[in-house]
Each structure stands twice: as structure tokens, then as C-alpha cells.
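Peer 1: the sequence isn't on hand, but the structure is:
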């Protein structure tokens, strides 16, 4: 089932240029291993679902998959062979805006070798370049060290 928001304030959104690196959602939090984007782009809701199915088929109940992106941007299109004018087209699909550094999927409960194979299958379906990342141990803060 394709993901989309329950309700939005405005049905049609404008395209914006995707600038900068991800400052939020750029660390592995929920799982032990993650798939991180190295490029900016839009990922369709159907593509997110295809990645989820590819991972679930490989994991088969031994691990847990977390999806860290949500398609909240509407992308519109006009019918083919339509003349100019007559306004903006209808919503064609929903997409997630992804910046470089965004963690797309996370896995837990599997070995590193299994996670690499599983996330490589998912990365093959993504329209942006991705890399495998591991959860980093929390850095000791200055308050805890005193």
C-alpha cells in the first residue's frame, strides 16, 4: 500500500531546489545498521514501498526494518499532448525529499553481513546513491565525564 499523508494544508506544492546536507535524520537511531543517501533527490512512495518489500523478503522475521523517510511532498503532472495554460496539473504521486546524509532505512536484529546484503538490495531500487552505515556509540558528553 502506497504511503501518503492523511491530510495536507495545500494539495499542490511547488518544486524547490534541494540545498545542503541533512542536519536531522542523519544518524542511525532505531536500528543497528542503516542505508544513508549520498545524493539529493525525490523518492516516490511506490519506490519506498518497493524497498520495504525487498528488505522484508530478505529479513523474513529475523530482524526489524525501520523506514526513516515519509512521502509528504505532492508532485503534479499534466496529461500528455495538452496545450499550455489551463493551470497546474493534478497530483500524480507523493514523494519524500531526501538530502545528502539522510538515513532512509534502518535494520536491527541481524548480523552485519546479512544487513549489508539486505540493504544492498534496497539501495539497488533507490533513485539516489546510498551507502551502508553502522550505529555509532554515543559520544561521551562533558557533563557525564565530570
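Peer 2: Everything's here; your move. This is a predicted model, so every value here is computed, not measured.

Peer 1: got the confidence number for residue 60?
Peer 2: Looking at residue 60, its pLDDT reads 86.

Peer 1: how about residue 131?
Peer 2: Taking residue 131 on its own, its pLDDT is 96.

Peer 1: same deal with residue 78?
Peer 2: Value for residue 78, per-residue pLDDT: 94.

Peer 1: hmm, who's touching the host helix or strand of residue 54?
Peer 2: Counting by DSSP states H and E, the element that carries residue 54 is helix 45-59. The contact list for helix 45-59 (C-beta atoms under 8 Å, 6 or more residues apart in numbering) reads 1-4, 65, 67, 69, 71, 93-96, 104-105, 107, 110, 114, 117-119, 121-122, 124-127. All C-beta atoms are positioned from the backbone trio N, CA, C, and that covers glycine.

Peer 1: buried ones among those residues?
Peer 2: The neighbour-count test (16 or more other C-beta atoms under 10 Å) marks 3, 65, 67, 69, 71, 93-96, 104-105, 107, 110, 114, 118-119, 122, 125-126 as buried among the contacts of helix 45-59.

Peer 1: in strands, which of the residues you listed fall?
Peer 2: 65, 67, 93-96, 104-105, 107 (DSSP state E).

Peer 1: how about the residues you listed in CSV, adding distance to residue 34 and pLDDT?
Peer 2: Shown next, in CSV, are those (distance: C-beta to C-beta, whole Å; pLDDT from 0 to 100):
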residue, distance to residue 34, pLDDT
65, 11, 94
67, 11, 95
93, 25, 95
94, 23, 96
95, 20, 96
96, 15, 96
104, 8, 96
105, 7, 96
107, 7, 95
